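Undergrad: what's the 3D shape of this:
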Amino acid sequence: MGIKRFKPTTSTLRHTKISDFAEITKSKPEKSLLRPLKKTGGRNVYGRITARHRGGGHKRMYRLIDFKRDRIDENAEVLAIEYDPNRSCRIALIQYEDETKSYILAPLEVTVGDKLMSTYDKEIEFKAGNCMPLKRIPLGSAVHNIELKPGKGGQIARSAGVSAQIMAKEGAFCFIRMPSSEVRKINIECRSTIGQIGNVEHESQTIGKAGRMRWLGRRGKVRGVVMNPVDHPHGGGEGKAPQGNPHPVTPWGKATKGLKTRKKQKYSQKYIVRRRGAK
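TA: As a prediction, the model looks like this:
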């Protein structure tokens, strides 16, 4: 696992930094765990664009990831570490004793041949890749793939290189510091996986060229200041004109930097102990 740099033979390779994929041990995915993945082009069910600058990209198949880890008290062996085009982290192919195979998010320290287990109440080894309730995990531990409701499956801390930290336990809740620095209360019966997610170098990558963005399904953007006034509030003017507005806005006039969009009476407000960015 590392970053691959190139000799500057072209202007794009001069800045390109991508993964060397050294940790990948299997090039072809498990066919039984693949499902078709249809592209939306950023459009919703009514055909209207709700996410701009999306389209094209390489064809992908979805890998079925076991976020629930509901094979309780069963040993599983790690068969391979694979690349997943649908997420930033790597995935691990595991096999249970009855030869059933499954994909999980690959933790940093897990390698081929390791034995992993998921449990509720059984005493198991405290190591990366094992899954257990928050009440059984010591304070200060790094965890990922955290449930918000018991049995629903992991929803938090699932991208490359991230982990959350268990800060305290009080009554029926566990206080967890999220990757965003937010401190949140989560039911102590919710389960999570021990350790930090792998592919830590992901944040150090540089795309390098527009073509690689297109492979990922991301189309180019046009700045508002070079548009006409009919198309954007920043548009118009003679020559190279500034945006004009005292604060930058979206094409629809909404503030685009610093505007808080979270609902004041959101149901999960009571579970947030400390907001991200709070002093």
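Undergrad: show me where the stretch 151-279 of the chain has helices.
TA: 210-215 (DSSP state H, counting those that start in this stretch).
Undergrad: low pLDDT regions in it?
TA: Across the stretch 151-279 of the chain, nothing is flagged by pLDDT under 70.
Undergrad: and the gap between residue 169 and residue 70?
TA: Residue 169 sits 24 Å away from residue 70 when distances are taken as CB to CB, to the nearest Å. (C-beta placed from N, C-alpha, C; glycine too.)
Undergrad: repeat for residue 60
TA: Residue 60 is 26 Å from residue 70, by CB to CB.
Undergrad: and the two? which has more neighbours close in?
TA: residue 60 (15 against 12; other CB atoms under 10 Å).
Undergrad: contacts only, for that one.
TA: Residues near residue 60 by CB atoms under 8 Å, 6 or more residues apart in numbering: 37, 85, 86.
Undergrad: got TSV for those residues, with neighbour count, pLDDT and distance to residue 75 too?
TA: TSV is the format used below for the contacts of residue 60 (neighbours: other CB atoms under 10 Å; pLDDT from 0 to 100; distance: CB to CB, whole Å):
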residue	neighbour count	pLDDT	distance to residue 75
37	12	95	31
85	16	96	29
86	11	96	28
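Undergrad: now secondary structure too, for those residues, in CSV please.
TA: Putting the contacts of residue 60 into CSV (DSSP: H, G, I helix; E, B strand; the rest coil) gives the following:
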residue, secondary structure
37, coil
85, coil
86, coil
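Undergrad: would you turn these into TSV with distance to residue 179?
TA: Listed next are the contacts of residue 60 as TSV, based on distance: CB to CB, whole Å:
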residue	distance to residue 179
37	26
85	22
86	20
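Undergrad: which one of those sits closest to residue 141?
TA: Nearest to residue 141 among these: residue 86, at 27.8 Å, using CB to CB.
Undergrad: ramachandran coordinates for residue 43?
TA: phi -100, psi 150 (degrees, to the nearest 10).
Undergrad: got it, and residue 87?
TA: According to degrees, to the nearest 10, residue 87 has phi -150, psi 160.
Undergrad: I appreciate the help and will end here.
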